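A.B. asks: Pasted the sequence and its predicted model underneath.
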Amino acid sequence: MGSVQDIEIRDAKPEDINSVVELVIRLKRLNEEFDPLFKTRDDIAIHTKEYVESALGSESSVIVVAERKGKVVGVVKADIVDRIFYEPRIEGRIRELYVLPEFRRNGLGKRLIEAIIDRLKNRVDMITAEFPTLNEIAVRFYNKLGFRSIMSNYAIETKSRI
Amino acid sequence: MTSLEEKARYPSILAMKYHPFYKGKIQTALKCPVRSYDDFAIWYTPGVAEPCRAIRNNVDLVFEYTNRANTVAIVTDGSRILGLGDIGPEAGLPVMEGKALLFKYLGGIDAFPIALATKDAEKIIEVVKALEPSFGGINLEDIEKPKCFYILERLRQEMRIPVWHDDQQGTATVTVAAFINAVKFVGKRINDVVVTLIGAGAANIAIARLLIVYGVPPGNLRLVDSKGVLHAEREDVDKLQFQDRWKYEMAIKTNKDRVVGGIPEALKGADVCIAMSRPGPGVIKKEWVSAMADDSIVFACANPIPEIWPWEAKEAGAKIVATGRSDFPNQVNNSLGFPGIFRGALDVRAYTITDEMCLAAAVELARVAEEKGLSEEYILPTMEDWEAYPREATVVAMKAIETGVARINKSRDELYEEAYRKIKVAREQTKLLMEKGFIPPPPE
């Protein structure tokens, strides 16, 4: 079983791309389990790679990883969003958070969130997290950290008969 | 092969003759004398009101003044009867009666079949909890997984009498007893052996848990399900976390070598194979057993046909082979476990049956066989070694006292004597009823 003692939290580097891609895909596949509207595409790997690459090269994204013995075991990624209508105005939006199963329940997710907040705190006015409504694990996790729901995102499929 | 199949079919033919003849396998019988009708005033109203009042003032007296301390409810929803699947509560009743017979004959326990007309886990939990005042213990039987894990866990938390699921704790206890002796016989050490468990159902999950309690390092276990070897990074592990968290727990702590693949990969280099999967032959191939470590141990427990025939496993190099069948040596037989374990738990009015109590039973069961002399073909007692039952009862009760889950204290000698006597009485009573013709001989 994984031990959290020798885990280092640090900014993602270009050589982490493949590990980060793998973890993000795992997250998306997990989301798929909660809601069919999050069914992952067959070519998800290509798109995830482009997504991570562009985030790594962008000023408005931050990726932090948890590394243990040279292996990336957790990741968090946030984007900086300008809320043009509202105050507070600048939002750090956590879009990806994933920890490998064997390293869970050790406070690693919380450490990743704290680390990314730490990196964003001088650049944003508030932190939000985005995840599928039915992802009960995420709901519990963010509630526990003191987050609350501020925006609802409803869906209807245009192809289905309503 | 043909003769084996014929032999295997024989009990089914007799079962269809005998079941309608006897119209059931158990009945209630009196435990107190009826010298004259005057005695009814003692056993029933008005006399009975006195023990009622006493129990009202001290509810634990129910165990002193009634038969409650010797009773078990056998509860099923009919959702996984034997290998027959979901056949409904009525169709499950013959099995529940059979189980009650074993409880009585092997453990001296009065067990009552209770087949429920609901498959809803919450309803089952509610009903079973409401039964608590009537029984000394609950035996959940043939309930499908993963519902059975959830129901067992909830009831164990919420009831103050033992709740048991034989497919989990019972199978695990007897298998671990066989494991202890087999590993000892081949001269290996439990903290070194690599154990491959084929099938990740109720039985093997419970076996894995008990092996860990016994001291096998979790990382040395490899569990294989229909999707291959479990490991912490298998693609579906996230999904397991909420679909079957018992399997999930195993996925993240077993298989430290990160073996990937299927049964052959999992068996390569393994010392022990415990298969509780689907009927063979051919589920496990000879060449896979050949690729195991020297002096390998193979338990192929699927019924009616083991995952691999014992002689094939032997030819492939296995030193010890066990199956679930009574017609082969080394039968891993649940009936070696639950009667003695419940006997011990009931005799100290235990609140629960813990993994430690199961392990104590497994160690004692192993010891009974060891004292008689271990061999390749004798790693477990058989049901005929019936001193195994009072001995198991004694160690289970002692462990319950030691760990603070017993309502009453007794000495080791008292416990053994009591268990021995109660089991003997059950056997002698049956013999007497047969001799007197109250249990008539079966039809031709």
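C.D. replies: Cool, got the structure.

A.B. asks: Only C-alpha atoms from now on, for both contacts and neighbour counts.
C.D. replies: OK.

A.B. asks: which SS class is B:Leu240?
C.D. replies: Counting by DSSP: H, G, I helix; E, B strand; the rest coil, the backbone at B:Leu240 sits in helix.

A.B. asks: pLDDT wise, what is it at?
C.D. replies: B:Leu240 is assigned 91 on the pLDDT scale.

A.B. asks: which non-adjacent residue is nearest it?
C.D. replies: Closest residue to B:Leu240 apart from its sequence neighbours, by C-alpha to C-alpha, 6 or more residues apart in numbering or on different chains: B:Tyr248 at 5.3 Å.

A.B. asks: same deal with A:Ala78?
C.D. replies: Closest to A:Ala78 by C-alpha to C-alpha, 6+ apart is A:Ile94, at 4.1 Å.

A.B. asks: how many neighbours does B:Arg391 have?
C.D. replies: 25 (other C-alpha atoms under 10 Å in any protein chain shown).

A.B. asks: Go ahead and confirm it touches B:Tyr416.
C.D. replies: Yes. Between B:Arg391 and B:Tyr416 there is a contact under C-alpha atoms under 8 Å: 6.6 Å.

A.B. asks: Tell me which residues touch B:Ala400, please.
C.D. replies: B:Ala345, B:Val348, B:Ala350, B:Ile353, B:Met357, B:Ala406 (C-alpha atoms under 8 Å, 6 or more residues apart in numbering or on different chains).

A.B. asks: Kindly recompute the last result at 10 Å.
C.D. replies: Applying C-alpha atoms under 10 Å, 6 or more residues apart in numbering or on different chains to B:Ala400 gives the contacts B:344-345, B:348-354, B:356-357, B:360, B:394, B:406-409.

A.B. asks: picking that back up, state the pLDDT value of the residue nearest to A:Ala78.
C.D. replies: Value for A:Ile94, per-residue pLDDT: 98.

A.B. asks: Report the beta-bridge partners for it.
C.D. replies: A:Ala78, A:Ala129 (DSSP bridges).

A.B. asks: Where does pLDDT dip in chain A?
C.D. replies: Counting by pLDDT under 70, chain A has low-confidence residues at A:1-4, A:160-162.

A.B. asks: How about the residues of it by chain B?
C.D. replies: When proximity is defined as C-alpha under 10 Å from any C-alpha of the partner chain, chain A approaches chain B at A:1-2, A:26-27, A:29-34, A:100-104, A:136-137.

A.B. asks: all strands of chain A, in order?
C.D. replies: Along chain A, the stretches classed as strands by DSSP state E are A:7-11, A:61-68, A:71-82, A:90-99, A:126-129.

A.B. asks: The last one - contacts with which helices or strands?
C.D. replies: For strand A:126-129, the contact count by 3 or more C-alpha pairs under 10 Å, 6 or more residues apart in numbering or on different chains; DSSP states H and E identifies strand A:71-82, strand A:90-99, helix A:108-120, helix A:136-144 as packing neighbours.

A.B. asks: same thing but at 7 Å, please
C.D. replies: Applying 3 or more C-alpha pairs under 7 Å, 6 or more residues apart in numbering or on different chains; DSSP states H and E, one finds that strand A:126-129 makes contact with strand A:90-99.

A.B. asks: same thing with the fourth one?
C.D. replies: The elements that strand A:90-99 packs onto, with contact taken as 3+ C-alpha pairs under 7 Å, 6+ apart, are helix A:17-34, strand A:71-82, strand A:126-129.

A.B. asks: Let me have the ones you listed in CSV, extended by mean neighbour count.
C.D. replies: Conversion of the helices and strands packed on strand A:90-99 to CSV gives the following (neighbours: other C-alpha atoms under 10 Å in any protein chain shown):
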stretch, mean neighbour count
helix A:17-34, 20
strand A:71-82, 21
strand A:126-129, 18
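
A.B. asks: Quick check on the residue nearest to the spatial centre of chain B: phi, psi?
C.D. replies: By C-alpha atoms, centre = their mean, chain B has its centre lying nearest to B:Gly170, at 2.2 Å. Note on B:Gly170: backbone dihedrals following degrees, to the nearest 10 are phi -70, psi -50.

A.B. asks: Next up, the contacts around it.
C.D. replies: B:Asn334, B:Gly337, B:Phe338 (C-alpha atoms under 7 Å, 6 or more residues apart in numbering or on different chains).

A.B. asks: quick one: it and B:Val224, what's the gap?
C.D. replies: Separation of B:Gly170 from B:Val224 (C-alpha to C-alpha, to the nearest Å): 21 Å.

A.B. asks: hey, where'd the strands end up in chain B?
C.D. replies: B:71-76, B:110-115, B:137-140, B:163-165, B:195-198, B:221-225, B:228-229, B:272-275, B:296-300, B:318-323.

A.B. asks: thinking B:Glu312 is in contact with B:Ile284, fair?
C.D. replies: No. Taking C-alpha atoms under 7 Å as the definition, B:Glu312 is not a contact partner of B:Ile284, at 9.8 Å.

A.B. asks: Which one of those two is surrounded by more residues?
C.D. replies: Applying other C-alpha under 10 Å to B:Glu312 and B:Ile284 shows that B:Ile284 carries more neighbours, namely 22 against 18.

A.B. asks: so what's that one up against?
C.D. replies: B:Glu307, B:Ile308.

A.B. asks: and what of A:Leu112?
C.D. replies: A:Leu112 is in contact with A:Val76, counting by C-alpha under 7 Å, 6+ apart.

A.B. asks: filter the contacts of B:Gly170 to the buried ones?
C.D. replies: Buried subset of these (neighbour count, 16 or more other C-alpha atoms under 10 Å in any protein chain shown): B:Asn334, B:Gly337, B:Phe338.

A.B. asks: TSV please, covering those residues and showing distance to chain A.
C.D. replies: As requested, these are exported to TSV (distance: C-alpha to the nearest C-alpha, whole Å):
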residue	distance to chain A
B:Asn334	31
B:Gly337	31
B:Phe338	32
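
A.B. asks: related to what we said a few turns ago, so which of the strands of chain A comes closest to B:Leu152?
C.D. replies: Nearest to B:Leu152 among the strands of chain A is strand A:90-99; the distance by C-alpha to C-alpha comes to 29.8 Å.

A.B. asks: follow-up on the earlier one: Throw the strands of chain A into CSV and include distance to B:Glu126, thanks.
C.D. replies: As requested, those are exported to CSV (distance: least, C-alpha to C-alpha, whole Å):
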stretch, distance to B:Glu126
strand A:7-11, 45
strand A:61-68, 44
strand A:71-82, 41
strand A:90-99, 37
strand A:126-129, 39
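
A.B. asks: Those: which one's closest to B:Ser290?
C.D. replies: strand A:71-82 (35.1 Å).

A.B. asks: circling back to that earlier point, you'd agree the residue nearest to A:Ala78 is up against A:Lys77?
C.D. replies: Yes. Applying C-alpha under 7 Å as the test, A:Ile94 and A:Lys77 come out as touching, 5.8 Å apart.
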